[in-house]
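Structure of the sequence below:
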Amino acid sequence: MRRIKLKHPLWFFSLMLCSIVGLLSSRLEAQQRDFTSLKNTLSVIAGKKPGNTVAGVSVMDVNSGEIIYALKGDEPLNPASNAKIVTAAAALKLLGPEFKFQTELYGKVNMRNVQGPLYIKGYADPSLMTQDLWALAKELKADGVRRIGGGIIVDDSYFDDINWPFAYDEQPNEDNKFRTPVGAVSVNHNALGIQIRPGATAMAKAFVDMDPPEYAMVVNDTLTSATGAYTPRISATTYEDRTRVRVWGQIPLGSKPTWFYRRIDNPSLFTGYALKGVLKELGISVGGDVRTGGIPSGTPLIARHSSEPLSSVLWETGKMSNNFVTEMVLKTIGAEVGKAPGNWDVATSAVAELLEKWGVKKGTYTYRNGSGLFSANKIAPEQFCQVLRHAYLDATIRPEFLSQLATGGADGTIQSRYRHPAAERHVRAKTGTLDSVSALSGYIFDKKGQRPIAFSILVNNASGYVAAARNWQEDIATAIAKFLNP
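Modelled structure (predicted):
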């Protein structure tokens with residue numbers, strides 16, 4: 001029998017195998033040494049924490065879940081708008097990226113008339129704008145409708161009647177548009193447009209126009225001046241079931257018309273008056289008042305508007321930090337996971353159930369509103385990293401979750417930050433800012449996208465140090481980026 005002579009002896013293959021194992025071990029050890037090096041770098045930066053602030057930091061390897069570095073990482077702190085990370089991730093998982101919000105018109109059409117009221121029913125579309133009401137109204141006009149006989153009735157039964165998110169009462173007199181109420185039927189982010197332009201002559205009152213018209217009770221105490229400073233002032237306060245707007249100050253001749261925006265009090269009536277104004281501009285007369293109420297069974301559906309998918313709507317949450325959109329999305333979870341009318345308790349309970357599955361135990365954090373305004377929430381940096389890790393590892397929501405976060409050096413609230421070559425477009429994060437809070441949480445990627453690192457940096461007691469805290473966060477994030485992209 002002929003013996004087969006091996007070209008290479010067995011000892012050669014054994015040597016090759018040992019070499020491969022050794023090479024892999026060396027690479028693993030090198031990676032571990034790299035993490036050690038990064039930890040040392042972050043420790044030095046962390047030692048430069050600004051002032052007497054209270055800070056928590058957590059840095060996590062997304063693939064393994066290993067905590068690379070922590071500074072009080074398990075201490076719950078006020079996260080400000082970083083709470084929107086939780087809301088966006090939960091909404092994508094519980095509602096689905098393709099979820100759409102609906103707005104519908106109902107009424108009995110006979111020839112050129114809607115007999116009785118025109119009903120508008122909303123399903124919490126946070127992106128509904130005046131132009132969408134125009135599209136709905138044009139459908140009526142195209143069908144030949146020229147008159148609404150019984151006014152406009154707004155059906156807001158998709159939500160309960162609590163319009164203000166938790167903790168919003170901490171600044172009850174704040175009338176700016178970052179603090180607007182939510183409602184199942186809302187338009188223009190529930191912010192009233194107020195245009196001021198000078199009168200025809202000096203000492204005449206300036207012109208004040210509202211968008212939409214008719215909703216607000218307006219007190220115009222402005223004067224047109226021949227010269228001088230431009231000093232208009234505006235206040236918006238509750239007035240019966242609507243809003244009272246007072247405008248005062250001085251508007252010099254020749255000043256350009258300027259728009260200002262203030263929060264309103266009654267989303268349902270606000271939308272109803274906006275629809276009434278659009279109908280009138282299209283030549284459809286409206287007889288009767290704007291009021292709230294239910295739609296009688298059997299009333300025909302005559303027009304419908306659908307929003308863009310949730311994945312697109314959330315750009316306002318992650319990139320622009322829009323409080324109104326975020327709170328509307330959170331309460332929608334309550335209506336969809338539970339049943340209408342949606343309410344805050346069902347919504348936050350549904351989020352808590354999801355977080356439990358993601359390893360964030362109930363009772364170890366506080367999550368009471370979705371936007372992060374005021375003192376509603378306390379969440380630890382390590383818990384944010386857990387949420388970020390699970391959102392990334394879940395293929396059903398990863399692309400949409402990543403795309404709604406601001407991109408360093410490119411867009412959103414960090415458009416002008418993270419311009420270092422190692423960090424630009426490699427940082428995806430959510431900012432958070434209050435008077436005494438600065439927060440930043442998100443991901444940093446290597447150039448191949450294979451070794452994502454999640455991080456969360458929360459700084460409290462930062463009054464007078466917010467700018468310094470932001471710079472400190474940027475130093476930490478840039479150090480991670482340099483590690484990933486040397």
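
all strands of the stretch 101-250 of the chain, in order?
Counting by DSSP state E, counting those that start in this stretch, the stretch 101-250 of the chain forms strands over residues 102-110, 113-122, 147-148, 152-155, 191-197, 207-211, 217-225, 233-239, 242-252, given from the N-terminal end onward.

and the next element down the chain from the last one?
This means strand 242-252. Following the chain from strand 242-252 toward its C-terminal end, the next helix or strand by DSSP states H and E is strand 258-263.

now the angle from the next helix or strand after that next one to strand 207-211?
In the C-terminal direction, the helix or strand that comes right after strand 258-263 (DSSP H and E) is helix 267-281. Orientation of helix 267-281 against strand 207-211 (axes from the mean of the first three to the mean of the last three CA atoms, to 10 degrees) gives an angle of 110 degrees.

Can you get me a residue count around Ala477?
Counted with other CB atoms under 10 Å, residues neighbouring Ala477 total 27. C-beta: built from backbone N, CA, C; applies to glycine.

right, and it touches His420 too?
No - here Ala477 does not reach His420: they are 9.6 Å apart, not a contact under CB atoms under 8 Å.

Would you format the strands of the stretch 101-250 of the chain as TSV with mean pLDDT and mean neighbour count included?
Rendered in TSV, the data for these read as follows (pLDDT from 0 to 100; neighbours: other CB atoms under 10 Å):
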stretch	mean pLDDT	mean neighbour count
strand 102-110	96	19
strand 113-122	96	23
strand 147-148	96	20
strand 152-155	98	24
strand 191-197	97	19
strand 207-211	95	17
strand 217-225	96	17
strand 233-239	95	16
strand 242-252	96	19
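
In contact with Pro181: list those residues for me.
Asn163, Trp164, Tyr168, Asn190, Arg263, Ile264, Asp265, Pro267 (CB atoms under 8 Å, 6 or more residues apart in numbering).

Phe178 and Thr292, how far apart?
Spatial separation of Phe178 from Thr292 under the definition CB to CB, to the nearest Å is 26 Å.

Over to Ala410?
Using CB to CB, one gets 43 Å for the distance from Ala410 to Thr292.

Please name the bridge partners of the closest residue to Tyr106 other than its chain neighbours.
Nearest in space to Tyr106, with sequence neighbours left out and distances taken as CB to CB, 6 or more residues apart in numbering, is Tyr119 at 4.1 Å. Here Tyr119 sits in beta bridges with Tyr106, Ile153, going by DSSP bridges.

Tyr119: what's it in contact with?
Tyr119 makes contact with Leu105, Tyr106, Gly107, Ile152, Ile153, Val154, Asp155, Ile295, Thr299 under the criterion CB under 8 Å, 6+ apart.

switch to 10 Å and redo it
104-108, 150, 152-155, 293-296, 299, 301-302 (CB atoms under 10 Å, 6 or more residues apart in numbering).

Ok, Gly449 next?
Listed by CB under 10 Å, 6+ apart, the contact set of Gly449 reads His426, Tyr443.

Can you list the buried residues in stretch 34-49?
By neighbour count with 16 or more other CB atoms under 10 Å, stretch 34-49 contains the buried residues Phe35, Leu38, Thr41, Leu42, Ile45, Ala46, Lys49.

got the residues you listed as CSV, with distance to Val325 and secondary structure columns?
Supplementary listing: the buried residues of stretch 34-49 in CSV, determined by distance: CB to CB, whole Å; DSSP: H, G, I helix; E, B strand; the rest coil:
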residue, distance to Val325, secondary structure
Phe35, 38, helix
Leu38, 36, helix
Thr41, 37, helix
Leu42, 34, helix
Ile45, 34, helix
Ala46, 34, helix
Lys49, 33, coil
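
Quick check: mean pLDDT of stretch 289-298?
For stretch 289-298, the per-residue pLDDT values average out at 97.

likewise stretch 343-358?
Taken as a whole, stretch 343-358 has an average pLDDT of 98.

Using CSV, list the CA coordinates for it.
Included here for stretch 343-358 are C-alpha records, laid out as CSV according to Å, rounded to 0.1, in the frame of the first residue of the first chain:
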residue,chain,number,x,y,z
ASN,A,343,-53.9,59.3,29.7
TRP,A,344,-50.4,59.8,31.2
ASP,A,345,-50.6,57.0,33.7
VAL,A,346,-51.2,54.3,31.1
ALA,A,347,-48.6,55.8,28.9
THR,A,348,-45.8,55.9,31.5
SER,A,349,-46.8,52.4,32.8
ALA,A,350,-46.4,51.0,29.3
VAL,A,351,-43.0,52.6,29.0
ALA,A,352,-42.0,51.2,32.4
GLU,A,353,-43.0,47.7,31.2
LEU,A,354,-40.7,48.1,28.2
LEU,A,355,-37.8,49.4,30.2
GLU,A,356,-38.1,46.4,32.6
LYS,A,357,-37.6,44.1,29.6
TRP,A,358,-34.6,46.2,28.7
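
which stretches of the chain have low pLDDT?
In the predicted model, the chain carries pLDDT under 70 at residues 1-33.

dump the residue contacts of the residue nearest to the spatial centre of it.
The residue lying closest to the centre of the chain (CA atoms, centre = their mean) is Thr317, at 1.9 Å. Contact criterion CB under 10 Å, 6+ apart gives 81, 84-85, 87-88, 91, 126, 310, 323-330, 370-371, 404-405, 430 as the residues in contact with Thr317.

In helices, which of those residues appear?
For the contacts of Thr317, membership in helices holds for 84-85, 87-88, 91, 310, 323-330, 404, with DSSP state H as the criterion.

what's the helix or strand for Ala350?
Here Ala350 sits within helix 344-357, counting by DSSP H and E.

chain center to the helix or strand that that helix is followed by: distance?
Using DSSP H and E, the helix or strand that directly follows helix 344-357 along the chain is helix 381-393. Relative to its chain's centre, helix 381-393 lies at 18 Å (CA atoms, centre = their mean, to the nearest Å).

Stretch 168-185 too?
Counting by CA atoms, centre = their mean, stretch 168-185 is centred 15 Å from the centre of its parent chain.
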